[in-house]
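**Q** starting from these lines, generate the structure:
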Amino acid sequence: MEKEIKLTPQQALLKLAHFCAYQERCHLEVKNKLAEYGVYYNDAVQVIAELIVQNYLNEERFAKAFAGGKFRVKKWGRNKIRQELKLKKLSDYCIQQGLKQIDSDQYIQVMESEAIKKYKLVKDKNPLVKANKTAQYLVSRGFETDLVWDVVKALNK
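**A** Take a look at the predicted model:
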């Protein structure tokens, strides 16, 4: 097990300012880092409050960056992004703001291109099996079931 680093709240604030400046972070990630640095309770709350005041930490901004990035880079669907943001303990408001970053037309285009790729990769000759496996794949990527079936039915024609 790693040895815990013991920092003063002021040292932790400086380190975490760099940590948050490098990439958008959520409160949970910062709390975990504070625990790693041996900063707990009131000191941790003060450090987080100071990071918010200095605009290093902003959960709405984090949600927007996270949702946009996971959609563009990893091609995740809204359901998977929503679930990941919930695991990071973000508020429903922040999650909604993050999901608004995803353009609906682009979302459908990405889902269609992912469906076409998967459909071509499925070895089975039976079109119903191919459609089902494609749909399962898209749902596992976080796309909404009703949208998935619309796209898959169009592929099967």
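**Q** where does pLDDT dip in this structure?
**A** Counting by pLDDT under 70, the chain contains low-confidence ranges at 1-4.
**Q** would you map the helices across it?
**A** For the chain, the helices defined by DSSP state H cover 9-22, 27-36, 41-53, 59-74, 78-87, 92-99, 104-121, 127-140, 145-155.
**Q** switch those helices over to a markdown table; also include mean neighbour count.
**A** (Each C-beta comes from the backbone N, C-alpha and C, glycine too.) As requested, the helices of the chain are exported to a markdown table (neighbours: other C-beta atoms under 10 Å):
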| stretch | mean neighbour count |
| --- | --- |
| helix 9-22 | 16 |
| helix 27-36 | 16 |
| helix 41-53 | 15 |
| helix 59-74 | 18 |
| helix 78-87 | 17 |
| helix 92-99 | 18 |
| helix 104-121 | 15 |
| helix 127-140 | 17 |
| helix 145-155 | 15 |
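**Q** ok, and the closest non-adjacent residue to residue 93?
**A** Counting by C-beta to C-beta, 6 or more residues apart in numbering, residue 93 lies nearest to residue 60, which is 7.6 Å off, once chain neighbours are set aside.
**Q** ok, that neighbour touching residue 92?
**A** No. Assessed by C-beta atoms under 8 Å, residue 60 is found out of contact with residue 92, at 11.7 Å.
**Q** okay, domains of this protein per the record?
**A** 9-57, 60-99, 104-155 (automatic domain parsing).
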